[in-house]
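**Q** Please find the sequence and the predicted model below.
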Amino acid sequence: MGEAFFVTGAQGCIGAWVVRKLLQRGATPWIFDASDDRRRLRLVAEEAELERARFVRGDVTDGAAVRAALERSGAKRVIHLAGLQVPTCRAEPVKGALVNVIGTLNVLEASRACGVERVAYASSAAVYGKSEDDALPVDESVATEPATHYGVFKKANEGNARVCFLEHGLSSVGLRPLTVYGVGRDQGLTSDPTKAIVAALRGQEFTIRFGGRTDFLYVEDAAEAFVACAERAPAGAHVFNVHGESTTVAEFVAHARRELGAEAERIRVDGPPIPIADAMDGAALERAIPGYRAIGLREGVERMVEGFRALQRAGRLGEVDLPS
Ligand SMILES: NC(=O)c1ccc[n+]([C@@H]2O[C@H](COP(=O)([O-])OP(=O)(O)OC[C@H]3O[C@@H](n4cnc5c(N)ncnc54)[C@H](O)[C@@H]3O)[C@@H](O)[C@H]2O)c1
């Protein structure tokens with residue numbers, strides 16, 4: 001059996017790709033998730049491969065359950081992705097804080113108690129709010145002024161992770177992706193570009209509900225950042241942006257049209273920019289993880305479309321959920 005990695009939220013979009021990567025590396029992912037719906041995992045990984053993963057259904061708000069599962073796994077590396085996205089945190093901020101803040105504290109506390117070497121956890125570019133100067137990519141030294149409860153919760157997690165290092169020596173990396181796209185992405189407002197591709201392949205209309213610029217990150221690159229940081233980030237409590245390509249939603253649609261032709265004619269863009277700085281400086285992560293580099297939007301859209309087309313050829317596009 002390969003090295004154990006404890007992965008919370010592994011039934012989610014980024015989590016499914018993290019699991020795929022760990023299996024490809026010969027590691028054993030321990031999947032800790034409140035859901036036992038394997039739909040996204042099945043979209044990105046082979047059923048036979050998934051037999052090597054271990055599944056624990058559990059809620060990160062239950063500290064004792066997190067600790068018991070982590071202890072059982074024997075993992076020394078933790079990837080913490082479980083969380084609720086912006087729309088849920090906006091509608092139910094107390095529930096959002098419980099899952100996103102207390103849940104993260106439970107994972108950090110369990111990691112400390114179990115002698116974990118390093119935790120890579122999902123923060124978010126939402127910690128930034130809108131930048132003063134839209135032309136400049138933001139780096140990690142920029143002051144964070146989140147415009148959503150979700151962003152405030154992620155910022156609190158970064159503070160708690162830092163204190164866990166200062167007081168107990170627990171090393172961690174908080175990663176701040178922005179608009180992740182690719183097979184498996186279906187939750188949160190920034191999942192609209194991905195959903196537009198699926199709708200186009202099904203011959204349906206779709207309106208992406210935000211415009212302007214954003215930082216587009218291909219899901220496999222997001223997953224690689226989490227795995228690489230859990231494996232080999234330097235000791236300390238770090239926070240890194242994860243930069244893909246900063247461009248307009250209209251440019252995303254142009255790439256989609258290039259890949260899909262007439263099928264993409266019914267994709268529309270109608271909505272305000274999201275209230276988050278729109279360009280990330282990714283240099284600090286690239287310094288911490290030599291060799292890490294995300295692909296550009298053109299290549300990412302190409303890979304995403306190929307992924308969805310392969311599912312379509314296999315008659316499986318109907319398995320992709322398009323929640324509003
Ligand atoms: N996708 C993005 O563009 C993006 C950008 C920035 C940050 N993030 C963060 O990255 C993480 C993963 O994102 P994603 O897109 O894969 O999310 P997702 O919504 O697809 O998956 C989240 C997973 O967490 C699980 N979960 C939710 N509440 C839980 C709980 N109480 N206990 C255990 N499991 C629970 C869900 O069942 C789901 O499988 C999240 O923390 C998200 O906030 C995502």
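**A** Happy to help now that I have it.

**Q** can you pull out the helices in the stretch 1-150 of the chain?
**A** In the stretch 1-150 of the chain, the segments counted as helices under DSSP state H, counting those that start in this stretch are 13-24, 39-44, 47-50, 63-73, 86-91, 93-97, 103-113, 149-168.

**Q** The fourth one vs helix 103-113, what angle?
**A** Relative orientation of helix 63-73 with respect to helix 103-113: 40 degrees, computed using axes from the mean of the first three to the mean of the last three CA atoms, to 10 degrees.

**Q** Is any residue of helix 63-73 near the ligand?
**A** No - applying CB under 6 Å from any ligand atom, one finds helix 63-73 separated from the ligand by no less than 8.6 Å. (Each C-beta comes from the backbone N, C-alpha and C, glycine too.)

**Q** What's the mean pLDDT across that helix?
**A** Mean pLDDT, helix 63-73: 98.

**Q** again, but for stretch 164-178
**A** 98.

**Q** same deal with stretch 225-239?
**A** The average pLDDT within stretch 225-239 is 98.

**Q** what about that stretch, start to end distance?
**A** 12 Å (CA to CA, to the nearest Å).

**Q** give me the residue from the stretch 1-150 of the chain nearest the ligand.
**A** Gly12 (2.0 Å; CB to the nearest ligand atom).

**Q** do you know how far the residue nearest to that residue when sequence neighbours are not counted is from Phe32?
**A** Residue nearest to Gly12 in three dimensions, not counting chain neighbours: Leu81, with 6.0 Å by CB to CB, 6 or more residues apart in numbering. Noted for Leu81: a distance of 10 Å to Phe32, by CB to CB, to the nearest Å.

**Q** Kindly report the same for Gly307.
**A** 26 Å.

**Q** In terms of pLDDT, where does the residue lying farthest from the centre of the chain sit?
**A** Largest separation from the mean C-alpha position in the chain: Ala262, at 30.4 Å (CA atoms, centre = their mean). On pLDDT, Ala262 comes in at 89.

**Q** Next: Glu132.
**A** Reported pLDDT for Glu132: 64.

**Q** Return the residues of the stretch 51-200 of the chain in contact with the ligand.
**A** 59-61, 81-85, 99, 103, 122, 124, 177, 179-180, 187, 190.

**Q** Now, those that are in strands?
**A** Using DSSP state E, Ala122, Thr179, Val180 are the members of those that sit in strands.

**Q** Identify the bridge partners of the first one.
**A** Listed by DSSP bridges, the beta-bridge partners for Ala122 are Leu175.

**Q** Also the last one?
**A** Under DSSP bridges, the beta-bridge partners of Val180 are Leu217.

**Q** Correct me if wrong: it contacts Ala223.
**A** No - the criterion here is CB atoms under 8 Å, and Val180 misses it with Ala223 at 9.3 Å.
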